[in-house]
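Colleague: Any chance you can model this:
(2 chains)
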Amino acid sequence: MTGKTKRKATRKKNSNRAGRNRKREAKIPRAGHAPILQQRDPLDAWVAAQAQTLGLAIDPAWRAGVKLNLGLILRLGALVDNFPLPDESEPGPVFHA
Amino acid sequence: MLEIAADNWVWSDAVDIAAAVAAGRVSAAGVVELTLLRIRERDPLLNSFTALTEDRALSLARATDDARAAGKPLGPLAGVPFAVKNLFDVQGLPTLAGSKINRDNRPAMRDATLIERLEAAGAILVGALNMGEFAYDFTGENVHDGAAHNPHDLEHMSGGSSSGSGAAVAGGLVPLALGSDTNGSIRVPASLCGIFGLKPTYGRLSRARTFPFVTSLDHVGPLARTARDLVHAYDAMQGNDQDDPVCADRAVEPVLPVLEQGVEGLRVAVAGGYFKCLNGETLSAVERVAAALGANREIDIPQAERARAAAFIITACESAGLHLDRLRTRAGDYDPAVRDRLIAGAMLPGALVIKAQKFRRWYRGEVLKLFDDVDAVLAPATPCTAPLIGQKMMRVGEVEMPVRANLGIYTQPISFIGLPVVAVPVPLEPLPVGVQIIAAPWREDVALRLAHALEKKGVVGAPRPPP
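Modeller: Numbering: from 1, shown residues only, chains lettered A, B, ... in the order given. The predicted structure follows:
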C-alpha cells in the first residue's frame, strides 16, 4: 500500500468511526435532556397512557389542565434531572429500622 | 366583672387579653362572646370561618372564669380566643381540609395535639377556618367555600393555603390562629395579609391529627398580629408527640425567657441571587428590614431555583399518592385547579422524585454551611403584595408568570429543608408585604428575637385594616 492509499484508508476508517459515534450519540440523550422532558407533544400520549395504567378516568375537558400542569412539573423536573450528584448520595428522608 | 367595649380589645394581642383575664379586668366569657359577635358581624365580608365552636368556647370560657374566681392558677393564654385552619381535627367536626369530599367524613373524635396544647395553656378555640383545597394553594381561593378576602382590601387575595388564618387574624376576628405550611402556606398569607407567621423547624411542632398534604414537607405553626403572641403560642405548643412520627424528640426550648435579649451580636445577611426580588414594593420591604438590622452583607443561597423545583416535584408526587384513590372515584368533586395538579403529579416518573430527594440532602448540606457565618438570612416572603382575587397572572420584574404556582417562589426553597422562618409584616401602603427571617434548624429563638426587635423599632408591624 502506498503512503497515499494508506492515508485514504485511515481517513475512511476515521470517517466510519465518526459516523458510528454520531449514530451512538444520537441514541444517547444528553444529560438533562431526557426525551420525555424535552418533547412536549408526546405528553398527550403520556397522559392518555398513564390515565389508563393508573385507572384514572379523565374527562376530556380536564385534559388540557392536566397536560399544562404536567408540562410545568416536568420543565421544573429537568432542573433536578440535570443536576449531577454522586451515586452514593442519600435521599432526604432516611429510614431507621 | 368589668364590661369591655369591643374597640378596646379587638385589636389587643393575645398577651394583653390573657393579662386582662388573669387580672379580672375582663371575663373570659365576655371576651368569647364579643369575639363571636365580631365574627358574625365581620366575617360575611372576609369569609374566613367555616365553622364556629360556640358552645364549646363559651363553656370553656365560663370554666376559666370559675377557675379564676376559685383562685386557681390560669394558663399564660387564659381566655385568648383562637381558631384553626380546617385541616386540624376539631372534636365533633369533620376535618374538611378545604374540600367538598371530606364533608362526608365522620366528625373527628379528638382534637389535634396543638389545639389540646393551646387549650391547656388557657386559650379557647372559637372555630375552624377556610383554606385552599387540601392545602394545594397559595391564593386563598376555594371553589367550595369561596375565597377568603384580604382585610386590607376585600377585592384582593388573602393568600393561601392558610387563607382563613391570615384573614381572621389580620381582620381582628381572633388574635391567634393556627395554619400549616408545606411550601409557604403560613408565610404567604402572613405576607399578603400583613401579620406575623411562624413556620418552625420541620419536626418541631406536632402535626398529629391534622389532615396531611405532603408529609415530607408538612409543618404547622401560629399566625398572630405581634411577634410576642407567636412566642407565647409557640412555647405552649412545643414538645415531642408520639402521635406524630416526624415530631422531634427534643426538650421544650422556650423562647419567652430570651425574647428580650435583643439582637446585639446576631449576624444577619440578605439573600441575593434568586431571592433578589425585582418588584419595587417587595425590594423596599427587604431593604427596610435589612437597614434596621444593619444587615449589609449579601449571601447566595446556592441552587435555590433547583430547590424550588425539587420541592415542586416532591409536592406533586406525594400529594398525588395521598389522593390517588379519591382521584379514581371522586375526581369531579375536587376543585378543578387542584384536581388537575394532583392528576399530573400521579403521572410523574418516579426517578425524578428520587433525584429530587437526593438533591434535597445535598442542598441542605450546602445551605447549613451558610449558618457558620450568619445567624439569620432575610428574604422576601412573596414576590408582590396581594393580587386581586381571580387574578391569574402576575409580573415579577419583567417576567409574567401564573399567580397560583408562583406566589411561593421565595418560600419553597426554605421549607424544602425545614428551616425555621418568621414572616414579618412590613406595613406598606396600600397593601402590606412580608419578609422572611430565616434561621438555622432549631433556632426559632433567633428569628423570633429579630422579629420582636424589629416590631419594637416600628419597622415591622401588623397594620390595622380599614373599618
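Colleague: give the contact list for residue B:85.
Modeller: B:128, B:129, B:131, B:161, B:162, B:164, B:165, B:177, B:178, B:179, B:180 (CB atoms under 8 Å, 6 or more residues apart in numbering or on different chains). (Glycine included, C-beta is placed from N, CA and C.)
Colleague: list the contacts for the second one?
Modeller: Taking CB under 8 Å, 6+ apart as the criterion, residue B:129 is in contact with B:48-50, B:83-86, B:162-165, B:168, B:177.
Colleague: circling back to that earlier point, with respect to chain A, which of the contacts of residue B:85 is nearest?
Modeller: Proximity of the contacts of residue B:85 to chain A (CB to the nearest CB) peaks at residue B:161, which lies at 16.9 Å.
Colleague: ok, that closest one touching residue B:131?
Modeller: Yes - the pair residue B:161 and residue B:131 qualifies as a contact (CB atoms under 8 Å) at a distance of 5.1 Å.
Colleague: higher neighbour count, the two?
Modeller: Neighbour tally, residue B:161 and residue B:131, criterion other CB atoms under 10 Å in any protein chain shown: the higher count belongs to residue B:161, 38 against 35.
Colleague: near chain B, which residues of chain A show up?
Modeller: Applying CB under 8 Å from any CB of the partner chain, we find that chain A lies next to chain B at A:36, A:46-47, A:50-51, A:54-59, A:62, A:65-70, A:72-74, A:76-77, A:79-81, A:83, A:85, A:89-93.
Colleague: And the residues you listed, which of them are buried?
Modeller: A:36, A:46-47, A:50-51, A:56, A:58, A:62, A:65-67, A:69-70, A:72-74, A:76-77, A:79-81, A:83, A:91-92 (16 or more other CB atoms under 10 Å in any protein chain shown).
Colleague: Mind checking which of those land in helices?
Modeller: Members of those lying in helices (criterion: DSSP state H): A:36, A:46-47, A:50-51, A:65-67, A:69-70, A:72-74, A:76-77, A:79-81.
Colleague: for chain A, what are the nearby residues on the stretch 151-300 of chain B?
Modeller: Checking the stretch 151-300 of chain B against chain A by CB under 8 Å from any CB, the hits are residue B:216.
Colleague: In the stretch 151-300 of chain B, what residue comes closest to chain A?
Modeller: residue B:216 (6.1 Å).
Colleague: picking that back up, and the contacts of residue B:85 as a markdown table, adding pLDDT?
Modeller: As requested, these are exported to a markdown table (pLDDT from 0 to 100):
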| residue | pLDDT |
| --- | --- |
| B:128 | 98 |
| B:129 | 98 |
| B:131 | 98 |
| B:161 | 98 |
| B:162 | 98 |
| B:164 | 98 |
| B:165 | 98 |
| B:177 | 99 |
| B:178 | 99 |
| B:179 | 98 |
| B:180 | 98 |
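Colleague: Turn those into TSV, columns for secondary structure.
Modeller: Listed next are those as TSV, based on DSSP: H, G, I helix; E, B strand; the rest coil:
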residue	secondary structure
B:128	strand
B:129	strand
B:131	coil
B:161	coil
B:162	coil
B:164	helix
B:165	helix
B:177	strand
B:178	strand
B:179	strand
B:180	strand
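Colleague: now, the most widely separated pair of these?
Modeller: Within the contacts of residue B:85, two members stand farthest from each other by CB to CB: B:128 and B:161, at 14.0 Å.
Colleague: Next, the nearest residue to residue B:219 once chain neighbours are set aside: phi, psi?
Modeller: Among residues not flanking residue B:219 along the chain, residue B:181 sits closest, at 4.7 Å (CB to CB, 6 or more residues apart in numbering or on different chains). Reported as degrees, to the nearest 10, the phi and psi values for residue B:181 are phi -140, psi 110.
Colleague: Residue B:309 now?
Modeller: According to degrees, to the nearest 10, residue B:309 has phi -60, psi -40.
Colleague: which helices and strands does the helix or strand containing residue B:67 pack with?
Modeller: Residue B:67 is part of helix B:54-69, with elements assigned from DSSP states H and E. Applying 3 or more CB pairs under 8 Å, 6 or more residues apart in numbering or on different chains; DSSP states H and E, we find helix B:54-69 packed against helix B:14-23, helix B:28-46, strand B:124-129.
Colleague: avg pLDDT for it?
Modeller: Mean per-residue pLDDT for helix B:54-69: 98.
Colleague: Let me know the average pLDDT across the helix or strand following that helix.
Modeller: Toward the C-terminus, helix B:54-69 is succeeded by strand B:81-85 as the next helix or strand (DSSP H and E). The average pLDDT for strand B:81-85 rounds to 98.
Colleague: who does strand B:81-85 pair up with?
Modeller: Paired neighbours of strand B:81-85 in the sheet (DSSP bridges): strand B:124-129 (parallel), strand B:176-181 (parallel).
Colleague: Format the ones you listed as CSV; extra columns: distance to residue B:424.
Modeller: What follows is these, written out as CSV (distance: least, CB to CB, whole Å):
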stretch, distance to residue B:424
strand B:124-129, 21
strand B:176-181, 15
